[in-house]
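>>> just need the structure, nothing else, for what follows:
(chains A and B)
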Amino acid sequence: MLSESFLPFFEWCGNTWLGTTVRDTVWAFPVIETFHLLALAVLLGTVLIVNLRVFGLGARDAAGPQTARELEPWMLVSLAVLILSGIPMFLSEPMKCYESVSFPIKIGLLLMAIVWHFTIQRKWRGKLTAGFSILLWAGIGIAGKGIPYV
Amino acid sequence: MSLLTVCEWLQNMPWASGVKHSAWQFPVVESVHSLALSVMLWPAAILDLRLLGLVMRRRPVSQVASQFLPWTWTGFVVMVSSGVILFWSEAVKCYNSPFFRVKVILLAIAGVNALLFHTTVFRNVDAWDQDAATPWRAKLAGGFSLAVWIGVVAMGRALAYA
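Predicted coordinates:
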């Protein structure tokens, strides 16, 4: 799916010190992936908790907007952990990512989600924007899971 | 009949080997299993963090529990159903993996910890509901729960590669 002009960059990534170290250390990948997955749970969990409220789901008491405020820092920290753990995983197998359809979709959705979160999502919180937020972030997780397969 | 024989029998069922060998079924169930962590684990962790006094310090513990525990139970149902399918389709691999055994033991420990918490210190929650600093037994239950669940996720990942 990716144009061949990207190939030298992906090859270079695979030869970086971090890439070869993660590849050559047996336990590195699953350990990093554990942190990646835990951070995904925090981020996607927060997105669901905050946005499903708009549809009247999952909030049994009056704590609504306060919940969103209290969880926002956790969402940003988990996003940072996701990116920081994602980079070494990518560097350890860039050719798999290059050949995968899921990887460019994931990166595209991620960039969209970040822009979306800091712009439109900040200003409007209706059903449409809430639903779109959930789809965006869940799509990133699904595309990520798809990298080893397609 | 040994446990290994049972695992072989499970795995060889037509639907189970269908899941394992289909191009998309196993990855789809695995995605559901991973994404549902966000519904089960993070809401449970929010309660644990409240017990440790790290989030929502000004909100009553009982309010945090009643807001987030229904999420955890919903997510738990999805985790267990998708987890059973994953196990069933590669039961022999799980049988042979030490990580799977540790994962099952950790799950049992997490269950016992939650049960103990709800039947003991949480029963008197009225006495400390508003406190930012909860009793030490509540803190212990929260910290222990967080550690055990991180272990469960780590064992799941290790299992996938071993």
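
>>> after the helix ranked longest in chain B, which helix or strand is next? Please name it.
Criterion DSSP state H: the longest helix present in chain B is helix B:61-89. Beyond helix B:61-89 in the direction of the C-terminus, DSSP states H and E gives the next helix or strand as helix B:91-96.

>>> hmm, back to that, in the longest helix of chain B, what's buried?
Of all the residues in helix B:61-89, those buried under the rule 16 or more other Cβ atoms under 10 Å in any protein chain shown are B:61, B:63-65, B:67-69, B:71-72, B:75-76, B:78-79, B:82-83, B:85-89. (Glycine included, C-beta is placed from N, CA and C.)

>>> near chain A too, which of these?
Counting by Cβ under 8 Å from any Cβ of the partner chain, the subset of these that neighbours chain A consists of B:63, B:67, B:68, B:71.

>>> skip the chain neighbours and tell me the closest residue to the third one.
In this case it means residue B:68. Counting by Cβ to Cβ, 6 or more residues apart in numbering or on different chains, residue B:68 lies nearest to residue B:43, which is 3.9 Å off, once chain neighbours are set aside.

>>> and the helix or strand that contains that neighbour, what other elements does it pack with?
When secondary structure is defined using DSSP H and E, the element that contains residue B:43 is helix B:37-51. Applying 3 or more Cβ pairs under 8 Å, 6 or more residues apart in numbering or on different chains; DSSP states H and E, we find helix B:37-51 packed against helix A:28-52, helix B:61-89, helix B:136-161.

>>> adding mean pLDDT and distance to residue B:96, write these out as a markdown table.
Conversion of these to a markdown table gives the following (pLDDT from 0 to 100; distance: least, Cβ to Cβ, whole Å):
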| stretch | mean pLDDT | distance to residue B:96 |
| --- | --- | --- |
| helix A:28-52 | 95 | 17 |
| helix B:61-89 | 95 | 13 |
| helix B:136-161 | 95 | 10 |
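
>>> so which of those helices gets nearest residue A:133?
helix A:28-52 (5.1 Å; Cβ to Cβ).

>>> and the closest one with chain B, contact?
Yes - Helix A:28-52 lies within reach of chain B by Cβ under 8 Å from any Cβ, at A:29-31, A:33-34, A:37-38, A:40-49.

>>> which positions in chain B make contact with chain A?
Applying the criterion Cβ under 8 Å from any Cβ, the portion of chain B that neighbours chain A consists of B:23-24, B:27, B:30-31, B:34-35, B:37-39, B:41-43, B:45-46, B:55-56, B:59, B:63, B:66-68, B:70-71, B:150, B:153-154, B:157-158, B:160-161.

>>> can you select the buried ones from the residues you listed in PyMOL?
One line in PyMOL is enough to select the buried members of the residues of chain B next to chain A, burial here meaning 16+ other Cβ under 10 Å:
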select buried, chain B and resi 27+30+31+34+35+37+38+39+41+42+43+45+46+55+56+59+63+67+68+71+150+153+154+157+158+160
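
>>> show me the shaky parts of chain A.
Regions of chain A meeting the criterion pLDDT under 70 cover residues A:59-64.

>>> most proximal residue of it with respect to chain B?
residue A:45 (2.9 Å; Cβ to the nearest Cβ).

>>> report the contact partners of that residue.
When contacts are counted by Cβ atoms under 8 Å, 6 or more residues apart in numbering or on different chains, residue A:45 touches B:37, B:38, B:39, B:41, B:42, B:43, B:71.

>>> distance check, it against residue A:5.
Here the distance between residue A:45 and residue A:5 works out to 38 Å (Cβ to Cβ, to the nearest Å).

>>> which residue would be the closest one in chain B to chain A?
Counting by Cβ to the nearest Cβ, chain B gets nearest chain A through residue B:42, at 2.9 Å.

>>> pretty sure that residue sits against residue A:46.
Yes - the pair formed by residue B:42 and residue A:46 meets the contact definition of Cβ atoms under 8 Å, at 6.9 Å.

>>> measure residue B:79 to residue B:39 for me?
Using Cβ to Cβ, one gets 8 Å for the distance from residue B:79 to residue B:39.

>>> scratch that, residue A:14 is what I was asking about
35 Å.

>>> how about the residues of chain A near chain B?
Applying the criterion Cβ under 8 Å from any Cβ, the portion of chain A that neighbours chain B consists of A:27, A:29-31, A:33-34, A:37-38, A:40-49, A:58-61, A:63, A:66-67, A:70-71, A:74, A:138, A:141-142, A:145-146, A:148-149.
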